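In: Predicted model and sequence follow; I will ask about them next.
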Amino acid sequence: MQFLNLCLSIPNLDTIGFYIIFVILIPVHLFMSENYQTMQYYLPALIMAAVTLTESGSPDLFINLYPTDSSTLTFSGFLSTNIINCLAVVGILLQSLTLSTATSSITLGLVSGLIIFAITFPMAQQILPFFIREVDELKENKFPNTYAIGNWHKYLSGIIFSIFLLCVQYVMLVAFTKYILATGYTLI
């Protein structure tokens, strides 16, 4: 029992667990299995997962994983946010360069990078936390007497909205790819 109490008293244990599983083990597995196609979509989606966990787990869990409120920012939160942002940028660059090389179209690589960047950064960092907070407020106002174990409604709403954002990103990428390749449109 003392070991369990020691583990639960370690600060940032939840953030360390996230990094071990989602930042180290899964990318290493994707790299070792040479599944680069999945990795280029997975790395930008890390931001959505981190934002969902941080917003849904507050004020007790994942507070230093990806803090969106700058007033409560600590050094570990700052470091964690920037590591995840760097991984997302690497994924966006990997996707853009791969697509640009495969199609011999710099325009297509640029447009795909801009689409992924727009979904990953502004929408996942600003709209996703807002959506999770609104769902929580809706639950509190419409169903005030219901008992919910943990914050399951926040986690579920974050996962659903993240899937929605990824679907929007996919549809936009497919539509712009077809348009650019069909018309031969070039910016550069």
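Out: That came through fine.
In: Any regions of this protein where pLDDT drops low?
Out: 1-9, 71-72, 148, 187-188 (pLDDT under 70).
In: for this structure, what's the longest helix?
Out: Using DSSP state H, we find that the single longest helix of the chain is helix 152-183.
In: Point out the other helices and strands that that one packs with.
Out: With contacts taken as 3 or more C-beta pairs under 8 Å, 6 or more residues apart in numbering; DSSP states H and E, helix 152-183 sits against helix 36-57, helix 75-103, helix 106-118, helix 128-142. In this view, the C-beta of every residue, glycine as well, is placed from N, C-alpha and C.
In: And the third one, how far out from the chain middle?
Out: Chain-centre distance of helix 106-118: 18 Å, with C-alpha atoms, centre = their mean, to the nearest Å.
In: do the same with the longest one
Out: Mean-position distance between helix 75-103 and its chain equals 11 Å (C-alpha atoms, centre = their mean).
In: Show me what counts as buried in it.
Out: Neighbour counts over helix 75-103 (16 or more other C-beta atoms under 10 Å) mark 77, 80-81, 84-85, 87-89, 91-96, 99-100 as buried.
In: how far off helix 36-57 does the longest helix of the chain point, in degrees?
Out: Inter-element angle recorded for helix 152-183 and helix 36-57: 150 degrees (by axes from the mean of the first three to the mean of the last three C-alpha atoms, to 10 degrees).
In: Residue 186 contacts residue 110, correct?
Out: No - using C-beta atoms under 8 Å, residue 186 makes no contact with residue 110, being 10.1 Å away.
In: of those two, who's got more company?
Out: Taking neighbours as other C-beta atoms under 10 Å, residue 186 and residue 110 compare with residue 110 leading, 16 against 10.
In: roughly how far apart are that one and residue 90?
Out: 17 Å (C-beta to C-beta, to the nearest Å).
In: picking up where we left off before, which one of the helices and strands packed on helix 152-183 lies nearest to residue 15?
Out: helix 75-103 (6.0 Å; C-beta to C-beta).
In: check contacts around residue 30.
Out: When contacts are counted by C-beta atoms under 8 Å, 6 or more residues apart in numbering, residue 30 touches 36, 38, 39, 42.
In: residues contacting the last one?
Out: When you say that, I think you mean residue 42. With C-beta under 8 Å, 6+ apart, residue 42 has these contacts: 26, 27, 30, 91.
In: Closest to residue 53 out of those residues?
Out: Nearest to residue 53 among the contacts of residue 42, with distances taken as C-beta to C-beta, is residue 26, at 14.7 Å.
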